[in-house]
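Student: Sequence plus predicted model, see below.
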Amino acid sequence: MTILFKPDPVVGGAEAWRAQLAKRLPDVPFRVWPDVGDPADIHFFLGFKAATGDFAGMTNLKAVLATGAGVDGIFLADDVPDVAIARIIDPWMTEQMAQWALYVVLHFYRRFGDYQAQQSEGDWNELEPWRAAPARVGMLGCGEIGQEIGQRLGHIGFEVAGWTRSARDLGEIENFHGENGFAPFLARSNFLICLLPLTKDTTGLLNAAAFSHLPEEAYLINMARGRIVHTDDLVTALDSGRIKGAFLDVTEPEPLPEDHPLWRMPNVRITPHNSGNTNADTAADQVAENIRRALADEPLLNVVERGRGY
């Protein structure tokens, strides 16, 4: 009965995971890729990304345990065994992502970037405040993290709506849904926050056609996956003023080449995919619980639907 951990910079180092899982599962061996040993010993694959061939010989695999909220990295392998795949929904990650999103919306709403530019020039000048009241936030992706962000923004005065594939009760958040609801949702979103999972249906979803539906004063905030946004269309929209600004925690490619125009656009901010990194100290609770459940033949937490990709 062995855990195989495949390291990735996004989810922390092997020693942190080894230490935290040893506290919870002291009798379960922990191996670190590429030191697989006998693949027939591996019962649990733990990691953020996989590649075709990673699972070769793992005839006793019970579950693939993703170390992030998204599992597109796992599906980079085209030979993922027919076992349960579970993702992480960690309160610490949710808190970090909510803080990041609130800061970013306020960054644009209160024009902090403009004030920073003024300060660099020694310019003391009060800028025109936002006149549309209330400012409207659109949440693309309304899972646990999206709903938490939306509720917090609503509590500080923003009018929040969410778009989902099918109709859902989002509590305080207005729900737009389906293909027919997409354009109206975009049309009322001054601050468009993307938290969608990356699937074949969401790849390139935010492109020139989508941007054309946004209101005149609109900002894009991407904290999901870079491939959801058509990068060249975003550059064009920012250049033309169709989109006033963008705050990107993820890009396509990632990282961007040194000469990419997004690096130098004054209305763009970029962070290195760290809006909500996995913390082994807290995420290990859920991993250990899912291992316990798998060994007891109980349903796992946060299981992925393969057909949907999330």
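Tutor: Received, thanks.

Student: measure stretch 211-228 end to end?
Tutor: 13 Å (C-alpha to C-alpha, to the nearest Å).

Student: in it, what counts as buried?
Tutor: By 16 or more other C-beta atoms under 10 Å, the buried positions in stretch 211-228 come out as 211, 214, 217-228. Where C-beta positions appear, they are placed from N, C-alpha and C, glycine not excepted.

Student: Which one of those is nearest to residue 28?
Tutor: residue 225 (31.4 Å; C-beta to C-beta).

Student: Spatially nearest residue to the closest one (excluding sequence neighbours)?
Tutor: Counting by C-beta to C-beta, 6 or more residues apart in numbering, residue 225 lies nearest to residue 198, which is 3.9 Å off, once chain neighbours are set aside.

Student: returning to that earlier point: could I get the buried residues of stretch 211-228 as TSV with pLDDT and secondary structure?
Tutor: Converted to TSV, these look like this (pLDDT from 0 to 100; DSSP: H, G, I helix; E, B strand; the rest coil):
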residue	pLDDT	secondary structure
211	98	helix
214	98	coil
217	92	coil
218	97	coil
219	98	strand
220	98	strand
221	98	strand
222	98	strand
223	98	coil
224	97	coil
225	97	coil
226	98	helix
227	98	helix
228	98	helix
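
Student: Now for those residues: which two are most distant?
Tutor: The widest separation within the buried residues of stretch 211-228 (C-beta to C-beta) is 26.5 Å, between 217 and 227.

Student: how many other residues sit next to residue 120?
Tutor: Per other C-beta atoms under 10 Å, the neighbour tally for residue 120 reads 8.

Student: typed the wrong thing, it's residue 46
Tutor: Around residue 46 sit 27 other residues, with neighbours defined as other C-beta under 10 Å.

Student: what about it, which SS state?
Tutor: Assigned with DSSP: H, G, I helix; E, B strand; the rest coil, residue 46 falls in the strand class.

Student: swap in the one 5 residues further on?
Tutor: Reducing the assignment at residue 51 to three states with three-state DSSP gives coil.

Student: still on that earlier bit, now distance to residue 21 too, for the buried residues of stretch 211-228, in JSON lines please.
Tutor: Formatted as JSON lines, these follow (distance: C-beta to C-beta, whole Å):
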{"residue": "211", "distance to residue 21": "44"}
{"residue": "214", "distance to residue 21": "44"}
{"residue": "217", "distance to residue 21": "48"}
{"residue": "218", "distance to residue 21": "44"}
{"residue": "219", "distance to residue 21": "40"}
{"residue": "220", "distance to residue 21": "38"}
{"residue": "221", "distance to residue 21": "34"}
{"residue": "222", "distance to residue 21": "32"}
{"residue": "223", "distance to residue 21": "27"}
{"residue": "224", "distance to residue 21": "28"}
{"residue": "225", "distance to residue 21": "27"}
{"residue": "226", "distance to residue 21": "30"}
{"residue": "227", "distance to residue 21": "31"}
{"residue": "228", "distance to residue 21": "32"}
